[in-house]
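**Q** Return atomic coordinates for the entry below.
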Amino acid sequence: MQFESWKEPLLKLPLDELKKAQCFVTDLIQTLETLHTKTEESIVIFPPEDPLKIEERRRDKRFDLEIEGVCSLVKKQESEVSKESPIIIRDISKRGLRFVTSQSLMPSDVLVVTFQLPGTMVAGAIYKNPQKKVYVEIRRISEFPTPEGLKYDIGAQSIESERVIELAKEEENQAQVNKRLALKGDTRILIASIKETQAKRLEEFLLKQGYVVHKVSQKQQAIALLRKNKFDMVVSDIDTAKINEFELLKDIKMEFPNVGVIVEIDTMEDWKNILSWEVDNYLTKNYNDEEFNIILESVQKKLLYKSMFGVDFKKSRLEGLNILVLSKKEVLKKLLGSASKEKGLKLFFVDDTISALTVLMEHKIDFIIVDSEITGPEGCQLLMNIKRDFPHIETIVISQNLQERCDFLVSGTDNFIVEPIESQEIFAILH
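**A** Numbers count the residues shown, from 1 in each chain. The predicted structure follows:
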């Protein structure tokens, strides 16, 4: 061993004191590295061109361990599933855990993890007590074969118990919203249109669906009815909406901010013109009944969540969003890439559905953008699988074809973009 002056006092320490010194030095290195770490590249092309040295990075910044523990999936408030799964904790830090288990889990699952720390780790200032029960959210999963079967290497981020209670409350709220959605007779819709034939068709369709419907042809009549009766939504067309510089939309949003507004548009230029009036959704020309019904329910869901619980169903989550992009379009990379560092976005670009599913299984994703040009009918099946396995993820489809757009809506997508892609539209949808 090469002799250096600073090593001499360490050689005189007994083994237990040396282990404490090791914990202190490792903690100090981790703190200093955090202070001097450069900003990580926010755009990930998957698969990466150069293999990521994940194991090396973990050893540098974490405490490598081999601790037995148990984990269980958090369901309601702070109660856990009775069956606990054994795990081996490989390393820990102030921000989370990495462990190995034979239990198949999914990104975004919330777990309670229980384990016993060695006495030397208590002095490392990571945890003050040896017996630990912590809550974590799964962020990354990778699987590997062993003689005993498949094992899963899992990276999980620490979360506070208060956040666990919030997540359980959100789940309960969602169940209540779904019950209310089934009662369409409680939803009142006002049709405001100068196009008599079109308004009549809308009225007949909505009445068949079980909604309570009223129809007017003038802005003054619409405002008078909104003042007299409680309405949940207003459906209009672009010709009616843009009379007197969008007076109808302006007055509705100023006086009735909790009423949802849907506008039928002819061109994407129309959509850009109505964005500033906080329109909740839009219908494109020649839409079919199925598409209209899906859009109605999506707006109704947002309104219900806001009225029942005082918060928006789709919160503004642009800060720190993890976005999976299934597209080869350079314009999309430029638009999202320019905002990634400013907004803290983490972008995963893939060019086929197999890679998309791999990213979904290995990372926590908040939003997915799917380009129908490179997926075709396979994209519809992909979205159906995503909605089944990852119901919390919101999805956008980029499509030029009306029928294709309808197919994706039926498959469960939350929204769509009609090309050409523009930054104003894509960020309005992401918000």
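**Q** unless I'm mixing things up, Glu278 is touching Ile252, no?
**A** No - with contact defined as CB atoms under 8 Å, Glu278 does not count as touching Ile252 (9.6 Å). Just so you know, the C-beta spots here come from the backbone N, C-alpha and C atoms, and that holds for glycine as well.
**Q** These two: which has the busier surroundings?
**A** Ile252 (26 against 12; other CB atoms under 10 Å).
**Q** can you tell me the helix or strand for the more buried one?
**A** helix 247-255 (DSSP states H and E).
**Q** what's that helix in contact with?
**A** 192, 219, 222-223, 226-227, 234, 236, 240-241, 259, 261, 263, 274, 277-279 (CB atoms under 8 Å, 6 or more residues apart in numbering).
**Q** For PyMOL, write a command that selects the buried ones of those residues.
**A** Remark: buried members of these, expressed as a PyMOL selection using 16 or more other CB atoms under 10 Å:
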select buried, resi 192+219+222+223+226+234+236+240+241+259+261+263+274+277+279
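**Q** Check which element follows the helix or strand of the chain with the lowest mean pLDDT along the chain.
**A** Lowest by mean pLDDT, DSSP states H and E among the helices and strands of the chain is helix 54-61, with a mean of 44. Later in the chain than helix 54-61, the nearest helix or strand by DSSP H and E is strand 63-73.
**Q** Starting from the helix or strand following that next one, tell me which strands it pairs with and how they run.
**A** Using DSSP H and E, the helix or strand that follows strand 63-73 in sequence is strand 85-93. According to DSSP bridges, strand 85-93 forms sheet pairs with strand 63-73 (antiparallel), strand 96-101 (antiparallel).
**Q** Worst mean pLDDT among those?
**A** For the strands paired with strand 85-93, the weakest mean pLDDT is recorded on strand 63-73, namely a mean of 74.
**Q** coming back round to it: in the helix holding Ile252, what counts as buried?
**A** Leu248, Leu249, Asp251, Ile252, Lys253.
**Q** model confidence over that helix, on average?
**A** 89.
**Q** try stretch 274-291
**A** The predicted confidence, averaged over stretch 274-291, sits at 77.
**Q** starting at the chain centroid, how far to that stretch?
**A** From the chain centre to the centre of stretch 274-291 is a distance of 23 Å (CA atoms, centre = their mean, to the nearest Å).
**Q** The helix or strand following the helix holding Ile252 packs against which elements?
**A** Using DSSP H and E, the helix or strand that follows helix 247-255 in sequence is strand 260-265. Contacts defined by 3 or more CB pairs under 8 Å, 6 or more residues apart in numbering; DSSP states H and E place strand 260-265 against strand 233-237, helix 238-241, helix 247-255, helix 268-274, strand 281-284, helix 289-309.
**Q** Which strand runs longest in the chain?
**A** When the chain is scanned for its longest strand (criterion: DSSP state E), the result is strand 131-146.
**Q** between that one and strand 63-73, how many degrees?
**A** Here strand 131-146 runs at an angle of 90 degrees relative to strand 63-73 (axes from the mean of the first three to the mean of the last three CA atoms, to 10 degrees).
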